[in-house]
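Undergrad: need a structure here:
(chains A and B)
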2 protein chains.
Amino acid sequence: MRSKKAKAEEFQDLHRSKRLFILPNALDVPSARLFEGLGFPAVATSSAGLMVSLGYPDGQTIPKKEFFSAIAKIARALSLPLSADIVAGFGSTPKQVVSTVRSVIKAGAIGVNIEDFEHSTKKLFSLESQVMKLQAVKKLGRSMGMPFVLNGRTDAYRFAEGNDEARLKEAIRRAKAYRNAGCDCVYPMGLVDHGMIKCFVEALDCPVNVMVRKGLPTVGELDSIGVKRVSFGPAASYAIFGFLERACQQVLETGTFSSLTDGAISFDDLNSLAVPRKNVL
Amino acid sequence: MRSKKAKAEEFQDLHRSKRLFILPNALDVPSARLFEGLGFPAVATSSAGLMVSLGYPDGQTIPKKEFFSAIAKIARALSLPLSADIVAGFGSTPKQVVSTVRSVIKAGAIGVNIEDFEHSTKKLFSLESQVMKLQAVKKLGRSMGMPFVLNGRTDAYRFAEGNDEARLKEAIRRAKAYRNAGCDCVYPMGLVDHGMIKCFVEALDCPVNVMVRKGLPTVGELDSIGVKRVSFGPAASYAIFGFLERACQQVLETGTFSSLTDGAISFDDLNSLAVPRKNVL
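TA: Prediction:
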């Protein structure tokens, strides 16, 4: 098993590579292992996906201990670098957020996403307070000698005031401040339009992460405008439960089971997704 | 919220109803809640599905405390009766199996499946030792005043000696003994053939459970030969991960995301699957 530091460097390198990379977000151990088996270069956790699978709504209501334990399980099962979505860092002060990041790195992650809004109120934190948190997290990385990837997410395009243009402008202003605070990558939430993404990327001049949503340009188009990282976010959970709903409707409406049995994996395949790849025969 | 006893009686009644019922097995809280929302009359856990989702292979390697806690979470999230697949009861003596069942009922389940073979060796337990366990579990139900449903599973058709006919005969011999030991339902594993299922049901004269597998007759056909309960087993997990694999292959091969975004549920829908139905707006 490669060291955590080697994984962190490998994950950093992906952001500096010429082409973009696709980062699938897992909801549990088997989805993470499935992504690994398919050849993705790294894996992330989805906060909504993971929390809902453990019986908590997205946000910060899951007990921290259970959250860290779930990340540790996924990290232990993978040989790939793992990045964790930690919502807003489970705390309102830089000290609290640093403590969360330390636990998440200890659990085996080598990257974190940190949001700039409060889930319950949908209000953006002040730019100053967010920058202080990100600077403190970056300092932690240096003090640990652990080059983990800090991804600064901004939801300004969703929750700031004004029209599309004003909100895009605010997202760019915030992302620049997060980059200057030491973020290795910035993550504008809500952007799907080709022109807007292009405008954002050109303004930033650092690695930019976009999330899979309906209407997102193709991988080739995103690559050509300079996006470096495309993450699934909670898309795997949205898709899985949409699929399961359709499969069950077929069972209930027609009394047949082909939607569950055709194209399914086997018992041995399922079990192999619970254990590290090197243990799979 | 209905009492556990009322749910147990409701689940018992489903086995005595004129028509069969379909029992979907969940792997986690959101799949259980999705089944509830679709109108199934009860929900079960899948041992393989639930364990793999928590990072353990099927069998009895998951720590018992974590297993009970996962069942409790699912039970808390549902208004429907919940039955738990508890593999071979996490113990080799009647006392140990009774202790497991007590914990599972305490966690909120009102039904249990108990297997008659050892996962690691694929060897059947002796008929005598299995009957002693089932009798002890039935006695526990009476002493608790809790009419939970005891489902006696036999894997004799898969793991006994001899040809198809000999193994079917042994499955029938064992299932009769389990029924006589007090099982409310019997569960022959590996039977998919219409004629064999019919033969088994006619020999038993008590509720019979069959599992969804490729080639299983339709709901209408199973109903007409007297099957009372059709459970998904791990089919939802097999199907979900087959689907997710195909969706990712599309992303990797074509650079497009429609396999993840088309037919997907929304963020609000996903979050609603983490909380009890009565809390969903």
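Undergrad: wait, does the longest helix along chain A contact chain B?
TA: Counting by DSSP state H, the longest helix found in chain A is helix A:235-254. Yes. Helix A:235-254 comes into contact with chain B when judged by C-beta under 8 Å from any C-beta of the partner chain, the residues involved being A:235-249, A:251-252, A:254. C-betas here are computed from N, CA, C, even on glycine.
Undergrad: From these, keep the buried residues only.
TA: For the residues of helix A:235-254 next to chain B, a neighbour count by 16 or more other C-beta atoms under 10 Å in any protein chain shown gives the buried set as A:235-245, A:247-248, A:251.
Undergrad: and residue A:109, what are its phi and psi?
TA: With angles defined as degrees, to the nearest 10, residue A:109 shows backbone torsions of phi -80, psi 150.
Undergrad: mind listing what it touches?
TA: Going by C-beta atoms under 8 Å, 6 or more residues apart in numbering or on different chains, residue A:109 touches A:45, A:71, A:75, A:82, A:83, A:84, A:148.
Undergrad: ok, how many other residues are close to the nearest residue to it once chain neighbours are set aside?
TA: Among residues not flanking residue A:109 along the chain, residue A:84 sits closest, at 4.0 Å (C-beta to C-beta, 6 or more residues apart in numbering or on different chains). Applying other C-beta atoms under 10 Å in any protein chain shown, we find 30 other residues in the vicinity of residue A:84.
Undergrad: SS state for residue A:84?
TA: Assigned state for residue A:84: strand (three-state reduction, DSSP: H, G, I helix; E, B strand; the rest coil).
Undergrad: could you dump the buried ones among the residues of helix A:235-254 next to chain B to TSV with distance to residue B:215 and pLDDT?
TA: Output for those, formatted as TSV (distance: C-beta to C-beta, whole Å; pLDDT from 0 to 100):
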residue	distance to residue B:215	pLDDT
A:235	33	98
A:236	29	98
A:237	31	98
A:238	31	98
A:239	27	98
A:240	25	98
A:241	27	98
A:242	27	98
A:243	22	98
A:244	21	98
A:245	24	98
A:247	17	98
A:248	20	98
A:251	15	98
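Undergrad: how about the one residue in the stretch 51-200 of chain A that gets nearest to chain B, what does it touch?
TA: Scanning the stretch 51-200 of chain A for proximity to chain B using C-beta to the nearest C-beta identifies residue A:55 as nearest, at 3.8 Å. Applying C-beta under 8 Å, 6+ apart, we find residue A:55 in contact with B:28, B:29, B:73, B:74, B:76, B:77, B:274.
Undergrad: tell me the pLDDT at it?
TA: We note a pLDDT of 97 for residue A:55 in this prediction.
Undergrad: quick one, strands of the stretch 1-150 of chain A?
TA: Assignment of strands within the stretch 1-150 of chain A using DSSP state E, counting those that start in this stretch yields the ranges A:21-23, A:25-26, A:43-45, A:82-85, A:111-114, A:117-118, A:123-124, A:149-154.
Undergrad: What lies in contact with the longest one?
TA: Read that as strand A:149-154. By C-beta under 8 Å, 6+ apart, the list of residues contacting strand A:149-154 from outside reads A:8, A:11-12, A:15, A:83, A:110-116, A:134, A:137-138, A:141, A:171, A:174-175, A:178-179, A:181-189, A:209.
Undergrad: Show the buried residues in those residues.
TA: When neighbours are counted using 16+ other C-beta under 10 Å, these contain these buried positions: A:8, A:11-12, A:15, A:83, A:110-116, A:134, A:137-138, A:141, A:171, A:174-175, A:178-179, A:181-189, A:209.
Undergrad: what's the closest non-adjacent residue to residue A:73?
TA: Among residues not flanking residue A:73 along the chain, residue B:55 sits closest, at 4.3 Å (C-beta to C-beta, 6+ apart).
Undergrad: Any idea how many residues pack against residue A:220?
TA: By other C-beta under 10 Å, the residues close to residue A:220 number 11.
Undergrad: quick one, phi psi at it?
TA: phi -60, psi -40.
Undergrad: tell me the contacts of it?
TA: Shown here is residue A:220, whose contacts under the criterion C-beta under 8 Å, 6+ apart are residue B:255.
Undergrad: any idea how far it lies from residue A:194?
TA: 12 Å (C-beta to C-beta, to the nearest Å).
Undergrad: can I assume residue A:192 is in contact with residue A:213?
TA: Yes. With contacts defined as C-beta atoms under 8 Å, residue A:192 counts as touching residue A:213 at a distance of 5.0 Å.
Undergrad: So between the two, which is more surrounded?
TA: For residue A:192 and residue A:213, the more surrounded residue by other C-beta under 10 Å is residue A:213, and the numbers stand at 17 against 14.
Undergrad: low pLDDT regions in chain A?
TA: Chain A contains residues with pLDDT under 70 at A:1, A:279-281.
Undergrad: repeat that with 80
TA: When the per-residue scores of chain A are filtered using pLDDT under 80, the ranges that remain are A:1-2, A:278-281.
Undergrad: Which stretches in it count as helices?
TA: With DSSP H as the criterion, chain A has helices at A:4-16, A:29-38, A:47-53, A:64-77, A:94-106, A:127-144, A:156-159, A:164-180, A:194-204, A:219-224, A:235-254, A:258-261, A:267-272.
Undergrad: Buried deepest among those helices, which one?
TA: Using mean count of other C-beta atoms under 10 Å in any protein chain shown, the stretch among the helices of chain A with the greatest mean number of neighbours is helix A:47-53 (a mean of 26).
Undergrad: what about residue A:146, distance to residue A:169?
TA: Noted for residue A:146: a distance of 34 Å to residue A:169, by C-beta to C-beta.
Undergrad: swap in residue A:43?
TA: From residue A:43 over to residue A:169 the distance is 33 Å, taken as C-beta to C-beta.
Undergrad: try residue A:252
TA: Residue A:252 sits 49 Å away from residue A:169, taking C-beta to C-beta as the criterion.
Undergrad: With residue A:190 instead?
TA: According to C-beta to C-beta, residue A:190 stands 14 Å off from residue A:169.
Undergrad: Residue A:254: what's it in contact with?
TA: Residues near residue A:254 by C-beta under 8 Å, 6+ apart: residue B:218.
Undergrad: Residue A:30 now?
TA: Neighbour list for residue A:30: A:270, A:273, A:274, B:52, B:53, B:237, B:241 [criterion: C-beta under 8 Å, 6+ apart].
Undergrad: Need the residues you listed in TSV (columns: distance to residue B:100).
TA: Listed next are these as TSV, based on distance: C-beta to C-beta, whole Å:
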residue	distance to residue B:100
A:270	23
A:273	25
A:274	21
B:52	20
B:53	20
B:237	22
B:241	28
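Undergrad: Tell me the one of those nearest residue A:260?
TA: Nearest to residue A:260 among those: residue B:237, at 10.1 Å, using C-beta to C-beta.
Undergrad: Residue B:24 versus the closest one, what's the distance?
TA: Here residue B:237 is placed at a distance of 12 Å from residue B:24 (C-beta to C-beta).
Undergrad: Endpoint to endpoint, stretch A:182-190 covers what distance?
TA: 23 Å (C-alpha to C-alpha, to the nearest Å).
Undergrad: Which residues does it contact?
TA: With C-beta under 8 Å, 6+ apart as the contact definition, stretch A:182-190 has outside contacts at A:12, A:15, A:113, A:115, A:134-135, A:137-138, A:149-158, A:171, A:175, A:178-179, A:200, A:204, A:206-211, A:228-229, A:231.
Undergrad: how about a cut-off of 6 Å?
TA: For stretch A:182-190, the external contacting residues (C-beta atoms under 6 Å, 6 or more residues apart in numbering or on different chains) are A:15, A:134, A:138, A:149-155, A:157-158, A:171, A:175, A:178-179, A:200, A:207-209.
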